[in-house]
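Colleague: heads up, no residue letters with this:
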């Protein structure tokens, strides 16, 4: 199917571009990253770490940049990201393995919730357009989604964790939460996740609302909607099979993208709440000039986004008959 | 049309959200510009004690190292706005350049740019910016601006590219290309001006992204924290534990500043976007149901559909456009009634209002509509839903988009029947297949999606759906106008045959009078919102009474006879927003009687049984001599007295057929 083939080509191409950017960026810094790091750690790095670094960057390889580039791509294909520098000698994959569940749990669930709530409100706002309540949702959403979300996180932290002490100040679990998956552990997990989750929800729901509202308004003026009403269909059926089905299509594409970005975490939120997800580690990597970790996380984010996009394309084929023949 | 011009700007600023957005932006801009006047302090001087509380001297206290926070807030507005404006501008220029180049040149250039856009769209924005900025640390504000611009252009480029692609196909651009204008001229004179609205909206969107990105970057210390922006203020406040010290205003004020600036950009973006796509605008206020003559129960009659004194208007800000004026029309069971008139005469509005499908700003202002003796206008929504399709169905004008693109045809045939109580799968299937045979399409088309069918097939599907419940009345609004002549004829023959067999009454709306003469039992002619003549088809054909009908008839060449030049009717119909006195056709009428036609309120007179006409030539109160004189003289009308501000309800040119 040419449509799918096209999508696969785009997927592979974009992945290659991301990997290449990953390779090029560290080499744009004056000097090489290893000497930058050696200067930073001032002899605190042991020799094996220096060797590991050199191997990680292909600096022991005396070949041309071109051959370095290819050996880099080769190592990528084997999933070999090297060792973290700030958490030496932990392999980068271990760091990521540790952080990923927290990010997926927090950001993944809130992204889905946000999409569902925002889309439902957008449907209401678009369908009941002209009523005060429905119309007031738009400016409120615009304000909420124009707020710097880390700032909102700070305000939440200050009021509910620092002043009122309803929620913990940082982290994902109490120091001694008990055995995993017990009641005490779950309650600790949920209390820690509550504020970050609320922050992400409030600052992201508006975007979905506006998108959905615009889609619904566009669909509402289509001829097929007037025809559906003329047929005497029930309001429920019109909403579900005619409005929702058509208005969700564009939102759904963005939702897939958002799901991909989940892997990158909600960087600033995780930083403010010291939530040990991937975004938090990406920040640590940037601050600590931990290039292997930085590159690996970036690559994984890009991979997740691309795969999510690809999945959306596949599902779109099922949802929109027009796409199947490459018309849309 | 997506252009920003004077009229557009005026409409833009008549919206509260534009005014609020621009207002916030101007206040913040003034804050930055006049910072030296508003505060005596240097934002960077460390001359005060740390963490001073709020006071008259320091309205927002001081920072941990003794800077005046109010001064920082004012001066911080400068760089924050600079980042938003410049990064927004660079990103927009990139979007426009790449989007237009791709759309204009097409071919492999388009493919390449489109691939690039996709790459940048899926690359994660913030992590990329963080990583890129990590390598540019401490280099001042410009590296940050550049990094933000280079990661923020892709979305705009995608939108602008598709818009430019659409514009390139438009007639006026094609005409410019065909007339040999240079590419540069076509792009800058034809395409760009028409995209100005979109580009402006895009700029504000990019500026919003830039401000939020800068704040985020500065907050985590990537970028140059020695500068004073609202983002770096947040960085220092957080780094120095402002909240722990209880100095919440150090965090609150710059964040609020960013939120307000962001909201202002978002409001402007939204408002300009809406201008280009008016459908997104606020729904007009519900028109008052004023004037609708209440509770005048429809007079009992044998008619299937009885429209009495119907008044329909479009309530706009400029006033009410009275599109249907005091129209009375009856349709008997099994009768084929043709409704003809120029585009914009109100015939579609009449059909939509009578079936209660009119959307605001359209509204029924008076009169009654009864179907089978039941007042349609008084039905509750649920009662109306049940009556629809069971008692009467509709075939729409723009039938290419009448079917839901994402549902199979089968579901759309079924749901009409399911909504009225038929749920048995076997019955549904048998009926659907029967209907498709009836209108002459393969049964396999039931499992097709609408886009897989040709225009003629889609229209047959719609007619099949309209017949599904064997309603007693079908209203057809130019059902074949969009089809080619051969298909048109086939479908019309099928309609004619089916409705005769099933005894269904049809109201057939068209501007094609010759078609109606052939098919109808009775014809009603509409002009400027009024029914000016009603008669049995053959009588109307042989003896048209109204001068307007006569002229319409003359516009058609006879089937046989010598070739001759046909003339249209000079002039235009009056604007429906005006209060008309006398006959609406007066200005264009060749047989008018000044002093009578333009003075007396219009009345309807009976010419013979079942033949009525709204023309004073048949008014027994007017002296016969005057009428005979007018009938025979045919004084040519002067240049149209009515101004050319036509109310184009169907966005088509006034009907004037020359052959």
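Modeller: Cool, the structure landed. As the structure is a prediction and not an experimental result, all values here were calculated from the model.

Colleague: mind listing the strands for the chain?
Modeller: All of this is about chain A. Using DSSP state E, no strands are found in chain A.

Colleague: that's the other chain; I wanted chain B
Modeller: B:305-316, B:319-331, B:336-340, B:362-371, B:374-375, B:392-395, B:473-477, B:505-510, B:522-527, B:530-536, B:605-608, B:611-613.

Colleague: adding distance to residue B:176, write those strands out as CSV.
Modeller: Bear in mind the C-beta positions are built from the backbone N, C-alpha and C, glycine included. Putting the strands of chain B into CSV (distance: least, C-beta to C-beta, whole Å) gives the following:
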stretch, distance to residue B:176
strand B:305-316, 34
strand B:319-331, 35
strand B:336-340, 38
strand B:362-371, 37
strand B:374-375, 55
strand B:392-395, 39
strand B:473-477, 36
strand B:505-510, 35
strand B:522-527, 38
strand B:530-536, 43
strand B:605-608, 54
strand B:611-613, 49
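
Colleague: out of the ones you listed, which comes closest to chain A?
Modeller: strand B:392-395 (4.8 Å; C-beta to the nearest C-beta).

Colleague: now the closest one: buried residues?
Modeller: For strand B:392-395, a neighbour-count test (16 or more other C-beta atoms under 10 Å in any protein chain shown) marks B:392-395 as buried.

Colleague: return the member of those residues nearest to residue B:17.
Modeller: Using C-beta to C-beta, residue B:394 comes nearest to residue B:17 of these, at 36.9 Å.

Colleague: that closest one touches residue A:230, doesn't it?
Modeller: Yes - if you go by C-beta atoms under 8 Å, residue B:394 and residue A:230 touch, sitting 4.8 Å apart.

Colleague: which residue would be the closest one in the stretch 201-328 of chain A to chain B?
Modeller: Residue nearest to chain B within the stretch 201-328 of chain A (C-beta to the nearest C-beta): residue A:232, separated by 3.4 Å.

Colleague: list the contacts of that residue.
Modeller: B:384-390, B:416, B:419-420 (C-beta atoms under 8 Å, 6 or more residues apart in numbering or on different chains).

Colleague: 6 Å instead?
Modeller: Residue A:232 is in contact with B:385, B:388-389, B:419, counting by C-beta atoms under 6 Å, 6 or more residues apart in numbering or on different chains.

Colleague: got it, and residue B:314?
Modeller: Taking C-beta under 6 Å, 6+ apart as the test, what residue B:314 contacts is B:321, B:323, B:361-362.

Colleague: skip the chain neighbours and tell me the closest residue to it.
Modeller: residue B:321 (4.3 Å; C-beta to C-beta, 6 or more residues apart in numbering or on different chains).

Colleague: count of neighbours near the one you found?
Modeller: 21 (other C-beta atoms under 10 Å in any protein chain shown).

Colleague: isn't it up against residue B:576?
Modeller: Yes - if you go by C-beta atoms under 6 Å, residue B:321 and residue B:576 touch, sitting 5.0 Å apart.

Colleague: near chain A, from the contacts of residue A:232?
Modeller: Near chain A, judged by C-beta under 6 Å from any C-beta of the partner chain, the entries from these are B:385, B:388-389, B:419.

Colleague: got the residue ranges for the helices in the stretch 351-500 of chain B?
Modeller: Using DSSP state H, counting those that start in this stretch, the helices of the stretch 351-500 of chain B run over B:381-387, B:409-418, B:425-439, B:455-467, B:485-502.

Colleague: wait, the stretch 51-200 of chain A
Modeller: A:65-77, A:92-103, A:109-127, A:132-146, A:149-156, A:183-220.
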